[in-house]
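Visitor: Everything below, folded, please.
(2 chains)
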Amino acid sequence: MIRVVTLEKIDPADMAFLTATLYRAFGLGTEHAGDRPVPRDAEMDDGRLDAVKFLQDVAPVRTFADDKVLYITSAPLALPPGPLGEPPCWGFSQYGGERAVITTSKLPERGVTEASIETWRRRLAREAIHAIGHLWDLHHCYDAKCAMHPSWSPALPANPEMDLDTFCREKSERRIRLAKT
Amino acid sequence: MRGPPPRHPDEQREQLPAVEGVIADAAELQPGNRVVYPNQGVCEVVGVEEKDIAGQKLQLVRMRREEDGAAVLVPKNKVPSIGLRRVATGEQIEGVFHFLAAQFEDPELDWKVRHRDNADRLIAGGVLGVAEVVKGLHSLSRIRPLPAKEREQYDNARHLLVHEVAVSLGVPPALAEDYIDYALMPPAGVKFDLKPPPTPVLLPSRPKRRRPAATEEEGIEDLGLGDLGLGDLDLGEALAAVPEGEAAEGEGAEGAEGAEGEAEGEAPAEGAAEGAEATPGAEETEEEAAPRKARKAAAPKVPAPKAEKREAKRAAAKEPRRKAEKPAKAEKPSKKPAARKAAAPAKKAEKPAAKKTAPKPAAKRGGKKK
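Guide: Just a heads-up that it's a prediction; the model follows:
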């Protein structure tokens, strides 16, 4: 089961699109599990949220074994800098774990037209699939058409696909089959 | 360092400089140590235990794979040979990132060489070897999609690299993967201040091809003539004695066979050229192929091309007559026992014997006409 938790209010139609897309991508039931407050410790001086701290400190959601929880926030996320600097952060997941967080701050403007809303929803769904994919042990994929391709990659098209490629889909299906529940 | 296991048991394992951090003695392992088991990932040493296996008491090092808690048992005396190594240091990891971020647009295109090299790198290349596999296959994926086997190898290598980087830097694996891909696929407009990447991993040279020549030679030389008392039989001389017309008659078939032989000889050379791009060992295989051809030419094979026959003639002329007489003496009993009586004056019998015996192989070959 995938449980989606929001930190700010989100349009119900957007949520419906997201849950339906996640269900199609992983074949797992998906539901909106309500709102949670932003953990204070995760807030940084520049207004961003420390993604790693956020997942440690965020209020838990009641789950069963193999349930995955996806948090959606509109605040920008930050990662600790690595050997070559700080990578851009669209989301962060506990690899093979239970929690993931994505931000809507880097998505294109939602706008008011049907086309822009559709684009925004598709991009949100892609980031959600990407984050949940990490929770099911998927690594980044070199294929720019796959949802597991890094979100900052220059090879990523303006309106990227929100599906997994064959390899990643099969791998995630294998993992889900082998899950305890 | 010990290279990967020899591909053929009779081949000596090539000794290469050790990858940094390889554990050469099981005594170095202490409970709680974190080590990297090639192709398995980061493991924690639990301890040493003794087990009775097949009537033998074995000392086993018990390890626990950190990723999933799987138990890994390694005989203590095998520890030096499996390539167990310590988790990469900060300096090594920095080198890996500078390597990943460097420009690299020259992936190996020969899949056989690439697959074997990548397997070697994963086993014996240390953390840099794993990074080389990831980067090599990633570069290749920009040119064309990877085949299923290599896609899996790429994913495995990435998995190993992510976990080792995560353990070494003390960060969650997903963050380590972000660091890796930030270096591998930097966002548009990002330029890194890179240091020169570390020296690439040395791989063991390609093994020499196994020569089927041993059996070939047996087939040529051991015709079972020794059993008949014809061990010294010089067929080249016998052929030399064949009159021109008869020899020409048989040449059609000989030519075909000769061509066959050449094709056989060329096949390994082609194979060598195929992989010659990457390894010096390929030259050796070609060099091997050449003497084989020469050996074939020198061998007193019945179906020999004209030039070889001429050479055989010259050689025969130089040799003492004693040798030349032998076939005449020897061939008689095999072909016509009745001729033994007439063969008392050996000198006289020399030419007729050759004449009598030579047509027979020709007749045999002529059998094809049937």
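Visitor: what residues does the helix or strand where residue A:22 lies touch?
Guide: For residue A:22, the element it lies in under DSSP states H and E is helix A:12-26. Outside of helix A:12-26, the residues that reach it under the criterion C-beta atoms under 8 Å, 6 or more residues apart in numbering or on different chains are A:2, A:4, A:6, A:28-32, A:70, A:117, A:120-121, A:124-125, A:128-129, A:132, A:136, A:147, A:162-164, A:172, A:176. In short, each C-beta sits where N, CA and C put it, glycine included.
Visitor: again, but for stretch B:93-112
Guide: A:82-84, B:88, B:114, B:117, B:127-128, B:131-132, B:134-137, B:139-140, B:143, B:147, B:150, B:161, B:165, B:168-169, B:179-180, B:183-184, B:186, B:192, B:194-198, B:274-275, B:277-278.
Visitor: Just the buried ones from the contacts of helix A:12-26, in PyMOL syntax?
Guide: The PyMOL selection below is limited to those of these classed as buried (16 or more other C-beta atoms under 10 Å in any protein chain shown):
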select buried, chain A and resi 2+4+6+28+30+32+70+117+120+121+124+125+128+129+132+136+147+162+163+164+172
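Visitor: Buried among the contacts of stretch B:93-112? Need that as a selection in PyMOL.
Guide: Buried members of the contacts of stretch B:93-112 can be picked out in PyMOL with the line below, counting by 16+ other C-beta under 10 Å:
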select buried, (chain A and resi 82+83+84) or (chain B and resi 88+114+117+127+128+131+132+134+135+136+137+139+140+150+161+165+168+169+179+180+183+184+186+192+197+198+275+278)
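Visitor: Strands - which of the contacts of stretch B:93-112 land there?
Guide: Among the contacts of stretch B:93-112, DSSP state E puts none in strands.
Visitor: Up against chain B, what does chain A have?
Guide: Residues of chain A found near chain B (C-beta under 8 Å from any C-beta of the partner chain) are A:52, A:79-80, A:82-85, A:87-89, A:92-96, A:134, A:139-140, A:142-143, A:150, A:152-155, A:167, A:171.
Visitor: Just give the nearest non-adjacent residue to residue 125, would you?
Guide: The chain I'm using is chain A. residue A:21 (4.1 Å; C-beta to C-beta, 6 or more residues apart in numbering or on different chains).
Visitor: my question was about chain B
Guide: Closest to residue B:125 by C-beta to C-beta, 6+ apart is residue B:201, at 4.0 Å.
Visitor: Report pLDDT for the one you found.
Guide: Note on residue B:201: pLDDT of 70.
Visitor: do you know how far it is from chain A?
Guide: 20 Å (C-beta to the nearest C-beta, to the nearest Å).
Visitor: and if you look at residue B:159?
Guide: Distance from residue B:159 to chain A, by C-beta to the nearest C-beta: 6 Å.
Visitor: Give me the spatial nearest neighbour of that residue, chain neighbours excluded.
Guide: residue A:139 (6.3 Å).
Visitor: Return the residues in contact with that neighbour.
Guide: Contacts of residue A:139 (C-beta under 8 Å, 6+ apart): A:148, B:155, B:158, B:159, B:162, B:177.
Visitor: now, among these, which is nearest to residue B:51?
Guide: Taking C-beta to C-beta as the measure, residue B:51 lies nearest residue B:159 of the contacts of residue A:139, at 29.9 Å.
Visitor: Quick check: the closest one touching residue B:42?
Guide: No - using C-beta atoms under 8 Å, residue B:159 is not in contact with residue B:42; the gap is 11.1 Å.
Visitor: and residue A:178, how many neighbours?
Guide: By the criterion of other C-beta atoms under 10 Å in any protein chain shown, residue A:178 has 9 neighbours.
Visitor: For residue A:4, give me the backbone phi and psi.
Guide: phi -100, psi 130 (degrees, to the nearest 10).
Visitor: contacting residues around it?
Guide: So residue A:4 contacts A:15, A:18, A:19, A:22, A:30, A:31, A:32, A:33, A:69, A:70, A:72, A:128 (C-beta under 8 Å, 6+ apart).
Visitor: and the second one, how many neighbours?
Guide: Neighbour count for residue A:18, taken as other C-beta under 10 Å: 23.
Visitor: roughly how far apart are it and residue A:67?
Guide: Using C-beta to C-beta, to the nearest Å, residue A:18 is found at 17 Å from residue A:67.
Visitor: And the residue nearest the centre of chain A, what's its pLDDT?
Guide: With the centre of chain A defined as its mean C-alpha position, the nearest residue by C-alpha atoms, centre = their mean is residue A:128, 3.1 Å away. Looking at residue A:128, its pLDDT is 95.
Visitor: Kindly report the same for residue B:292.
Guide: In this model, residue B:292 carries a pLDDT of 47.
Visitor: And the pLDDT for residue B:7?
Guide: Per-residue pLDDT puts residue B:7 at 50.
Visitor: Show me which residues of the stretch 1-150 of chain B are close to chain A?
Guide: Near chain A, when you scan the stretch 1-150 of chain B using C-beta under 8 Å from any C-beta, you find B:93, B:94, B:97, B:101, B:138, B:141, B:142, B:145, B:146, B:148.
Visitor: now swap in the stretch 151-300 of chain B and tell me
Guide: B:151-152, B:154-155, B:158-159, B:162, B:169, B:171-175, B:177-179, B:181-183, B:185-188, B:190, B:192.
Visitor: Format the contacts of residue A:4 as CSV; extra columns: distance to residue B:108.
Guide: Below are the contacts of residue A:4 laid out as CSV (distance: C-beta to C-beta, whole Å):
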residue, distance to residue B:108
A:15, 48
A:18, 42
A:19, 45
A:22, 39
A:30, 43
A:31, 48
A:32, 49
A:33, 49
A:69, 43
A:70, 40
A:72, 43
A:128, 37
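Visitor: Identify, from those residues, the entry nearest to chain B.
Guide: Minimum separation from chain B among the contacts of residue A:4 (C-beta to the nearest C-beta) is found for residue A:70, which lies at 13.8 Å.
Visitor: Correct me if wrong: the closest one contacts residue A:1.
Guide: No - with contact defined as C-beta under 8 Å, residue A:70 does not reach residue A:1; the gap is 11.3 Å.
Visitor: If you count neighbours, what's buried in the host helix or strand of residue B:46?
Guide: Using DSSP H and E, residue B:46 maps to strand B:41-53. Of all the residues in strand B:41-53, those buried under the rule 16+ other C-beta under 10 Å are B:41, B:42, B:43, B:44, B:45, B:46.
Visitor: Could you pull up the residues touching the fourth one?
Guide: Contact analysis of residue B:44 by C-beta under 8 Å, 6+ apart lists B:32, B:33, B:34, B:35, B:63, B:64, B:66.
Visitor: Residue A:162 versus that one, what's the distance?
Guide: Taking C-beta to C-beta, one finds residue B:44 at 39 Å from residue A:162.
Visitor: Next, format the residues of the stretch 1-150 of chain B next to chain A as JSON lines and append neighbour count.
Guide: Converted to JSON lines, those look like this (neighbours: other C-beta atoms under 10 Å in any protein chain shown):
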{"residue": "B:93", "neighbour count": "23"}
{"residue": "B:94", "neighbour count": "17"}
{"residue": "B:97", "neighbour count": "23"}
{"residue": "B:101", "neighbour count": "24"}
{"residue": "B:138", "neighbour count": "20"}
{"residue": "B:141", "neighbour count": "17"}
{"residue": "B:142", "neighbour count": "13"}
{"residue": "B:145", "neighbour count": "14"}
{"residue": "B:146", "neighbour count": "19"}
{"residue": "B:148", "neighbour count": "10"}
